[in-house]
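> kindly return the folded structure for what I paste below:
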Amino acid sequence: MEQKLASHASPFTPIVEMKQITKRFPGVTANDHINFEVRAGEVHALLGENGAGKTTLMRVLYGLYQPDEGEIYIRGQKVTLRSPRDAINLGIGMVHQHFMLVSPLTVTENVILGLRSSREPFLDTDRAAKRIADLSGRYSLKVDPSARIWQLSVGEQQRVEIIKALYRGVDILILDEPTSVLTPPEAKELFAVLRHMAEEGNAVIFITHKLHEVMEVSDRVTVLQLGKVVSTVDTKGTDERQLARMMVGREVLFRVAREEAEKGDVALEVSGLWVMGDRGLPALKGVSFSLRQGEILGIAGVAGNGQRELAEAITGLRKAMQGKVLIGGKDITNRSPGEIIKAGVGYIPEERIRRGLIMDFSIAENAILETHQTPPFSNGWFFPFAKAKGWFLNNQEIARYVEKLISDYEVKTPSKDAPVKHLSGGNLQKLILARELSREPELLVADQPTRGLDVGATEYIHRKLMEQRAKGTAILLISEDLDEILSLSDRIAVMYEGEMVGTVPAEEAKVEEIGLMMAGAKKIS
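Numbers count the residues shown, from 1 in each chain. Model prediction:
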């Protein structure tokens with residue numbers, strides 16, 4: 001293995017310097033002559049909207065992409081990074097947003113995967129496990145070396161990814177949106193780990209779009225907008241509002257105005273609903289509630305307490321064992337998703353990539369999913385091979401409809417024919433929102449509608465939800481973001497271990513009380 005470049009730098013000399021980095025993709029310049037530097041012993045936040053070029057820049061530093069222009073210096077010496085192996089040999093590690101772990105293998109097996117063994121052709125798992133335990137203790141990364149990945153929580157899996165990097169001797173660690181899958185307590189633990197790493201002289205680069213995290217954990221912050229650097233500032237010398245202005249180029253409303261709306265008839269009634277989870281145990285245990293037109297009912301709770309199963313049962317993606325789901329008084333329990341769509345239900349799924357969109361399809365194809373076989377998008381005839389032949393689709397009408405959606409919902413894309421996999425997270429969510437709201441649903445099930453989105457995209461989604469409420473749509477808002485629940489909801493219901501433990505009017509809600517309900521320590525009858 002190559003040795004890291006020697007360093008005789010002072011604490012204020014950059015350990016990483018990226019000069020005039022430019023990276024282009026078809027139709028877009030992701031990084032436009034970016035200058036970026038990081039010092040040893042600091043946590044440096046890389047902040048920007050979805051699609052600002054943060055991840056692309058760090059993939060260049062990690063050797064996953066090669067820049068079209070620009071130079072990279074590590075510890076003062078110019079380097080060429082042709083692959084992640086080159087980066088790791090120079091002490092650069094990266095923890096990706098979507099973990100690169102093999103589920104059936106143990107923690108130890110994942111950490112040493114791809115490395116030479118001191119006992120070849122055999123694995124030296126005992127020695128590796130001891131070193132993993134040492135790293136785990138040194139950095140407070142609690143994890144069992146013998147546990148299999150599938151047995152670990154998401155937070156524990158992230159610790160494994162960090163240990164994997166440290167095991168390889170990295171002292172420049174990149175983390176891409178590391179809290180997007182963590183609960184608030186897990187995020188707090190991660191921040192403590194990052195501070196500890198920086199105090200030991202490591203450089204930590206923290207990609208995020210969450211302003212409060214920047215303020216909590218970073219020493220300096222570089223803001224990107226549309227592939228360019230806006231500014232690099234000391235975190236102590238700024239605040240969330242200033243950072244938000246730099247990110248989106250305007251003032252951002254942190255709380256949406258929630259005006260009184262007239263409540264109509266009951267749009268959704270759930271009674272005595274029992275649903276089985278993926279592990280063969282009840283995920284919902286006799287859940288009952290109702291939701292009226294022009295009302296937002298916020299469902300709060302820690303992930304894994306039945307929220308996803310509730311959304312799937314209402315939208316026809318999961319069978320109910322017992323109980324009923326009524327839409328506008330009509331029983332739609334265990335009906336197909338197609339029938340439920342026809343009954344006037346829109347759905348923003350928790351996982352937009354796996355459940356909301358087909359990533360290899362174009363924007364236009366995704367915009368007409370589930371309605372492509374109906375007028376005006378088709379002539380009513382359906383052939384299994386028609387998509388390839390173009391026999392039944394009304395392409396002119398589809399083009400008109402999709403162009404209007406792109407314009408109305410501000411979806412940033414070079415073309416309606418571009419694959420959705422090239423869109424940022426915020427634009428993916430806008431596309432789903434556009435598709436669902438264009439059908440004018442009577443009930444909208446919005447499951448984690450702003451998860452992973454930046455402050456600008458979040459503000460936009462919130463505004464659209466409030467507009468829909470004003471039109472009389474009933475909205476079931478499921479979110480792990482308590483601020484979002486408090487800001488948007490008319491009533492707040494809390495789920496714990498598959499049960500509704502209480503419902504309170506939003507104006508009477510107290511954060512401490514809801515927190516106790518989320519932890520199962522308090523119930524309101």
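
> for Ile205, which residues are in contact?
Residues near Ile205 by CB atoms under 8 Å, 6 or more residues apart in numbering: 16, 38, 44, 46, 58, 61, 172-175. To be clear about C-beta, it is placed using only N, CA and C from the backbone, and glycine gets the same treatment.

> quickly note the distance from it to Asn50.
Applying CB to CB, to the nearest Å, the value for Ile205 to Asn50 is 18 Å.

> do the same with Asn366
17 Å.

> next SSE downstream of the helix or strand that contains Val38?
Here Val38 is covered by strand 28-39, with elements defined by DSSP states H and E. Counting by DSSP H and E, the next helix or strand C-terminal to strand 28-39 is strand 43-48.

> partner strands of that following strand and their direction?
strand 203-208 (parallel), strand 220-225 (parallel) (DSSP bridges).

> now the first one: how far from the chain's centre is it?
Relative to its chain's centre, strand 203-208 lies at 17 Å (CA atoms, centre = their mean, to the nearest Å).

> cool, the last one as well?
Between the centre of strand 220-225 and the centre of its chain there are 20 Å (CA atoms, centre = their mean).

> contacts for it, please.
By CB under 8 Å, 6+ apart, strand 220-225 touches 34, 36, 42, 44-49, 52-54, 57, 214, 229-235, 238, 243, 246-249.

> mind redoing it with 6 Å?
Applying CB atoms under 6 Å, 6 or more residues apart in numbering, the contact partners of strand 220-225 are 36, 44-48, 52-54, 214, 230-235, 246-247.

> in the following helix or strand past it, which residues are buried?
From strand 220-225 onward toward the C-terminus, using DSSP H and E, the following helix or strand is strand 228-234. For strand 228-234, the neighbour count (16 or more other CB atoms under 10 Å) marks 229-230 as buried.

> could you give the separation of the next helix or strand after strand 228-234 from the chain centroid?
Heading C-terminal from strand 228-234, the first helix or strand you meet, by DSSP H and E, is helix 240-248. For helix 240-248, the separation from the chain centroid amounts to 20 Å (computed by CA atoms, centre = their mean).

> now helix 240-248: mean pLDDT?
Average pLDDT, helix 240-248: 85.

> could you list the paired strands of the helix or strand just after that helix along with their orientation?
Using DSSP H and E, the helix or strand that follows helix 240-248 in sequence is strand 266-276. Here strand 266-276 is paired, per DSSP bridges, with strand 282-292 (antiparallel), strand 320-327 (antiparallel).

> identify whichever of these lies nearest to Ser487.
Comparing these against Ser487 with CB to CB, the closest turns out to be strand 282-292 (18.0 Å).

> name all residues that make contact with Leu273.
284, 287, 320, 323.

> now for the helix or strand in which Gly502 is found, which elements pack on it?
Gly502 is part of strand 499-505, with elements assigned from DSSP H and E. Counting contacts by 3 or more CB pairs under 6 Å, 6 or more residues apart in numbering; DSSP states H and E, strand 499-505 packs against strand 491-496.

> if we go to 10 Å?
Counting by 3 or more CB pairs under 10 Å, 6 or more residues apart in numbering; DSSP states H and E, the packing neighbours recorded for strand 499-505 are strand 282-292, strand 296-300, strand 491-496, helix 511-518.

> could you spell out the sheet neighbours of the second one, each with its direction?
According to DSSP bridges, strand 296-300 has the following sheet partners: strand 474-478 (parallel), strand 491-496 (parallel).

> quick check: mean pLDDT of the next helix or strand after it?
Counting by DSSP H and E, the element after strand 296-300 in chain order, helix or strand, is helix 307-314. Computed over helix 307-314, the mean pLDDT rounds to 94.

> tell me the helices and strands packed up against helix 307-314.
Judged by 3+ CB pairs under 10 Å, 6+ apart, helix 307-314 is in contact with strand 266-276, strand 282-292, strand 296-300, strand 320-327, strand 345-348, strand 443-447, strand 474-478, strand 491-496.

> what's downstream of the worst-scoring helix or strand of the chain on mean pLDDT, the next helix or strand?
Across the helices and strands of the chain, mean pLDDT, DSSP states H and E gives its lowest value to helix 386-389, namely a mean of 44. Sequence order places helix 395-408 as the next helix or strand after helix 386-389, per DSSP H and E.
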